[in-house]
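Participant: below is the structure, and that's it, no one-letter string:
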């Protein structure tokens, strides 16, 4: 082939394979997830999350849920958390009166009916509060807002703040977990990164994750001057102190209306690199732990159409974990049968046919020597 450049694309499955707690369920169950933020978007996500097994939900599922919410907004749907009833306003005003008393002397006195209403309001994202078993320890997290501004703020305004709260909460969560190199240097994801970096001197990495690759690469490459020349973060990163979550492009005629801010592309820091051109021009494309969701498959559709329309063979290896994951990817990729004839292979890293040498770019014997060098580093 005329171009020997290789491209590595990684998704959250890569971080999970490194035994990092970066699943959506990990974040949702943490203290960093704003589950009680006063916004209808949060009420919607809570209801969606609690419908099934939280452990089985993926980031692609969460972003698809945001997309459905934004789409329903564009269609004019109204939610329980949009506005406040007169009874709710009276209760909030009562809370403001309680909060006006200095902390040492503050007392909260709610009837059983008012406590039920508090729970209902929190469940639909109308405000956030915490309560301990020791009375009167209540904490209402809207006390810094003037009463009129709080009860009259639009659901759109609250959802804008909610999306920001989710993104900042996720960044804080990821900063709190262990993202060091795996103890097992035989880890397939780690070996893949090592071998790609060492054996593809002009290869480029495109990460859909927010965790930083630089510290990981420094464990086996201490001397490269500027790693960022070969590393691209598709949705922001902890390096940039900003992560980007949200919906993809509209799939309905009416669009998202005033909720278009939920689109990833509406984020001012959303600067997707030239992944499409990089994949089209590369001789080899390796994909690890990427779910090919409805939102993010658009990057690959250009590559796949390029291959199909021109009958162009290209070495594309897509790695995922388990038969269920492989089936999901094949279901998400249209014309997968024709694409497999052109060199697109979907490989189960759990299966017997999966080998780290499937990822290799050169002679396996040479690469094994490099792996032995890696072992000597530790």
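Facilitator: Sure thing, it's come through. Just so we're clear, the structure is a prediction, and the values are computed from it rather than from any experiment. Numbering: from 1, shown residues only.

Participant: tell me how far the strand or helix carrying residue 285 is from the chain's mean position?
Facilitator: According to DSSP states H and E, residue 285 maps onto strand 284-288. In this view, strand 284-288 has its centroid 20 Å away from the chain centroid, taken as CA atoms, centre = their mean, to the nearest Å.

Participant: that strand pairs with which strands?
Facilitator: For strand 284-288, the paired strands and their directions (DSSP bridges) are strand 6-10 (parallel), strand 315-320 (parallel).

Participant: following that strand, which helix or strand comes up?
Facilitator: Following strand 284-288 toward the C-terminus (DSSP H and E): helix 298-310.

Participant: quick one: buried residues of that following helix?
Facilitator: For helix 298-310, a neighbour-count test (16 or more other CB atoms under 10 Å) marks 299-300, 303-304, 307 as buried. (Each C-beta comes from the backbone N, C-alpha and C, glycine too.)

Participant: hmm, back to that, tell me which of the strands paired with strand 284-288 sits most buried.
Facilitator: Greatest average neighbour count among those goes to strand 6-10 (a mean of 24), per mean count of other CB atoms under 10 Å.

Participant: give me the residues contacting it.
Facilitator: Residues from elsewhere that reach strand 6-10 (CB atoms under 8 Å, 6 or more residues apart in numbering): 192-193, 196, 200, 203-209, 275, 278-279, 282-290, 361.

Participant: so which residues of the stretch 101-250 of the chain form strands?
Facilitator: 129-131, 138-140, 204-207, 231-233, 236-237, 242-243 (DSSP state E, counting those that start in this stretch).

Participant: export those strands to a markdown table and tack on mean neighbour count?
Facilitator: As requested, the strands of the stretch 101-250 of the chain are exported to a markdown table (neighbours: other CB atoms under 10 Å):
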| stretch | mean neighbour count |
| --- | --- |
| strand 129-131 | 14 |
| strand 138-140 | 15 |
| strand 204-207 | 22 |
| strand 231-233 | 22 |
| strand 236-237 | 21 |
| strand 242-243 | 20 |
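
Participant: so where is the protein shaky, pLDDT-wise?
Facilitator: 1-4, 132-137, 141-145, 273, 351-378 (pLDDT under 70).

Participant: which helix runs longest in it?
Facilitator: helix 155-176 (DSSP state H).

Participant: centroid-wise, who is the farthest residue in the chain?
Facilitator: In the chain, counting by CA atoms, centre = their mean, residue 105 sits farthest out from the average C-alpha position, at 43.6 Å.

Participant: against residue 140, how distant is it?
Facilitator: Applying CB to CB, to the nearest Å, the value for residue 105 to residue 140 is 17 Å.

Participant: just the buried positions in stretch 58-74, please.
Facilitator: Under 16+ other CB under 10 Å, the buried positions of stretch 58-74 are 58-60, 62-67, 69-74.

Participant: so which of the strands paired with strand 284-288 comes closest to residue 89?
Facilitator: Of all the strands paired with strand 284-288, it is strand 6-10 that lies closest to residue 89, at 48.7 Å by CB to CB.

Participant: next SSE after the closest one?
Facilitator: According to DSSP H and E, the helix or strand after strand 6-10 is helix 12-17.

Participant: who are the packing partners of the next helix or strand after that next one?
Facilitator: Toward the C-terminus, helix 12-17 is succeeded by helix 24-28 as the next helix or strand (DSSP H and E). Contacts defined by 3 or more CB pairs under 8 Å, 6 or more residues apart in numbering; DSSP states H and E place helix 24-28 against helix 59-74, helix 155-176.

Participant: tabulate those in CSV, adding columns for distance to residue 98.
Facilitator: Shown next, in CSV, are these (distance: least, CB to CB, whole Å):
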stretch, distance to residue 98
helix 59-74, 33
helix 155-176, 22
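
Participant: for residue 264, which of those helices is the nearest?
Facilitator: Closest among those, once you apply CB to CB, is helix 59-74, at 8.3 Å.

Participant: quick one, that closest one and helix 155-176 angle?
Facilitator: 170 degrees (axes from the mean of the first three to the mean of the last three CA atoms, to 10 degrees).

Participant: how distant is helix 59-74 from the center of its chain?
Facilitator: Centre to centre, stretch against its chain (CA atoms, centre = their mean), the figure for helix 59-74 is 13 Å.

Participant: from residue 150, how far off is the most centrally placed residue in the chain?
Facilitator: Of all residues in the chain, the one closest to the mean position by CA atoms, centre = their mean is residue 59, 4.9 Å from it. Plainly put, residue 59 is 31 Å away from residue 150 if you go by CB to CB.
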